[in-house]
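*Asks:* got a predicted model here, sequence first, then my questions.
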Amino acid sequence: MPDTQDNKPCTRIFVLEDDLWYSQFLSYHLSLNPDHEVKVFNSVDNFLKALPERPDVVTLDYHLPGYKGEDILGRVLQESPNTYTLVVSGQEDITKAVALMKQGAYDYISKNGETKERLWSIVEKVKQDITLRRELEELRREVAQRESLGRELIGTSEPMRRVFSLVEKAAKSNINVTITGETGTGKELVARAIHQHSSRAKGPFVAVNVSAIPSELLESELFGHEKGAFTGAAALRIGKFEEANGGTLFLDEIGEMEVGLQSKLLRVLQEREVTRVGSTGTVSVDVRILTATHRNLLDEVRRGTFREDFYYRLLGIQVHLPPLRERGHDVLLIAQRILQVFCAENGMPSKSLSGEAQKRLLRHAYPGNVRELKAVVELAAVLSEGDVIGVEDIQLEELQPKAGAAIGIADMEEEKTLDEHIADTVQRYLERYDYNVVRVAEKLKVGRSTIYRMIRRKEVFLKEEA
Ligand SMILES: Nc1ncnc2c1ncn2[C@@H]1O[C@H](COP(=O)(O)OP(=O)(O)OP(=O)(O)O)[C@@H](O)[C@H]1O
């Protein structure tokens, strides 16, 4: 839809009228408003051909030779359902005009002395409706975008809410984004989310892990090379920049890039063109750059391993991903989603986490962040035999709470009495051995009565009571 000078969309109006004089009359009055784009059709065939242009408003003359008003209206409703149709009829046709309104026409105008004023007031009302509809659509899009963001990047903790809000802002503009955070916190996922919710979503998303490519190959990986540019360059190859043209290039671990290549990249960002290795010509590229690092780049700048001008060129919005241990109960939300997806993908019946398993997951410090949680939960799903994952299925490298682990839970754990620790162990064994008291007593080498006593005292629970 064309825009007016102040960027408001124009109102596109089609006038379908076989009476030449009357069509000029309508067109003249409608065109007095410069925000209207008016097209006149004296033939129904031409009008129907132009219908895919989806006018905002159609004025439809009721009397058109060879056609019935209801048939033309039917075509408009079917092919351009958001179009507002105004039936223009003579005084004698008012009943028919009303019938057309029942069929879906917006309003009618009769050809009389008040046509001009009525036309203006109806069109103004239509424009208000269109504005409201557009606002509603925009709101719906925003809500859907938020929802889908929440589906990909799981979390409701305060630090993650801040991340979501920054991701939304980043997606709405073309500004550079630097994503920081420990390994496995979801930096690539955030980069993908920004791309998918941006105006470049239909273009490619290309990710390059700078630290995974030997530095002597990185330049040709990014910018491409001509045939014979160096030993092994048997054919021309386009680089990641050209591959990402029209979309987004995600440069992970940008802090690992050598200073020499940083200068070349800086030039590419400024000139918006790349030179393939071994070539003298340049290729224009339109690429949005998102970068990630687990390093503090400002420290690298101070140390002289990261160019200051490059740092400021890339900076843009900074999205910092908190470590998983600072996200509280997000750990369980993410674990549940991982479990759901894993079971579905592997044709397993869906499983849940026992209370003890949940506590265990919350206590851990996750140096490998979400990536580690994913590995732990997927392994637990495989190890567990029933449909409930017990604490014994959770294999964590680091069983003692680390400094900084989910604070409340860690403190709770430290304050437990010996009896409470014993109850935890018995409960774990009950879960592991399907609440078979006889087997648990055998395994723990205690009398059954000890366990029954603990059950009676509600220190441990059988399945249905847990
Ligand atoms: N909030 C989250 N919700 C659900 N899954 C997540 C979330 N964050 C990360 N993941 C998952 O965790 C794994 C690691 O994420 P990702 O590769 O984006 O981390 P990263 O920070 O880029 O890691 P690295 O620094 O090692 O490159 C992926 O499988 C990703 O889908």
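*Replies:* Okay, I see it. The structure presented is a predicted model; accordingly, all values stated were derived computationally and were not measured.

*Asks:* across the sheet, point out what pairs with Ala207.
*Replies:* Beta-bridge partners of Ala207, counted by DSSP bridges, are Phe250.

*Asks:* can you tell me how far it is from Gly247?
*Replies:* 11 Å (Cβ to Cβ, to the nearest Å). The way it works is simple: take the backbone N, C-alpha and C, and place the C-beta from them, glycine included.

*Asks:* my guess is Tyr106 meets Val126, correct?
*Replies:* Yes: at 6.7 Å, Tyr106 and Val126 qualify as touching, with contact defined as Cβ atoms under 8 Å.

*Asks:* please enumerate the strands of the stretch 151-300 of the chain.
*Replies:* According to DSSP state E, counting those that start in this stretch, the stretch 151-300 of the chain carries its strands in the segments 177-180, 205-209, 224-225, 237-238, 248-252, 273-274, 283-284, 288-293.

*Asks:* can you give me phi and psi for Lys96?
*Replies:* Lys96 has phi and psi values of phi -70, psi -40 when expressed as degrees, to the nearest 10.

*Asks:* what's the closest non-adjacent residue to it?
*Replies:* Tyr62 (6.2 Å; Cβ to Cβ, 6 or more residues apart in numbering).

*Asks:* check contacts around the one you found.
*Replies:* Gly69, Val87, Val88, Ser89, Gly90, Asp93, Lys96, Ala97, Leu100 (Cβ atoms under 8 Å, 6 or more residues apart in numbering).

*Asks:* one more time with 7 Å
*Replies:* Counting by Cβ atoms under 7 Å, 6 or more residues apart in numbering, Tyr62 makes contact with Gly69, Val87, Val88, Ser89, Asp93, Lys96, Ala97.

*Asks:* now do the contacts for the fifth one.
*Replies:* When contacts are counted by Cβ under 7 Å, 6+ apart, Asp93 is found next to Tyr62.

*Asks:* separation between it and the ligand?
*Replies:* 62 Å (Cβ to the nearest ligand atom, to the nearest Å).

*Asks:* wait, is that residue part of a helix?
*Replies:* Yes: Asp93: assigned to a helix according to DSSP: H, G, I helix; E, B strand; the rest coil.

*Asks:* and the residue of the stretch 101-250 of the chain closest to the ligand?
*Replies:* Gly186 (2.6 Å; Cβ to the nearest ligand atom).

*Asks:* neighbours around that residue, how many?
*Replies:* 24 (other Cβ atoms under 10 Å).

*Asks:* what average pLDDT does the one helix or strand Met454 maps to get?
*Replies:* According to DSSP states H and E, Met454 maps onto helix 448-456. Averaged across helix 448-456, pLDDT comes to 79.

*Asks:* got the buried residues for it?
*Replies:* Ile451, Met454, Ile455 (16 or more other Cβ atoms under 10 Å).

*Asks:* now do the strands in the stretch 301-450 of the chain.
*Replies:* Under DSSP E, counting those that start in this stretch, the stretch 301-450 of the chain gives strands at 317-320, 352-353, 388-389.

*Asks:* who touches both of Tyr106 and Val126?
*Replies:* Shared contacts of Tyr106 and Val126, counting by Cβ under 7 Å, 6+ apart, come down to Tyr84.

*Asks:* burial of Pro81, as a residue count?
*Replies:* Neighbour tally, Pro81, other Cβ under 10 Å: 9.

*Asks:* phi first, then psi, for Leu16.
*Replies:* Main-chain dihedrals, Leu16, degrees, to the nearest 10: phi -110, psi 110.

*Asks:* beta-bridge partners for it, please?
*Replies:* Residues in beta-bridge contact with Leu16 (DSSP bridges): Phe41, Leu60.

*Asks:* quick one, what contacts it?
*Replies:* Neighbours of Leu16 in contact, by Cβ under 7 Å, 6+ apart: Phe41, Val44, Phe47, Val58, Thr59, Leu60, Asp61.

*Asks:* pull the number of nearby residues for the first one.
*Replies:* This points to Phe41. By other Cβ under 10 Å, neighbour count at Phe41 equals 20.

*Asks:* correct me, but it touches Phe14?
*Replies:* Yes: between Phe41 and Phe14 there is a contact under Cβ atoms under 7 Å: 6.2 Å.

*Asks:* quickly list what's touching both of these two.
*Replies:* Contact criterion Cβ under 7 Å, 6+ apart; residues shared by Phe41 and Phe14: Phe47, Ala50.
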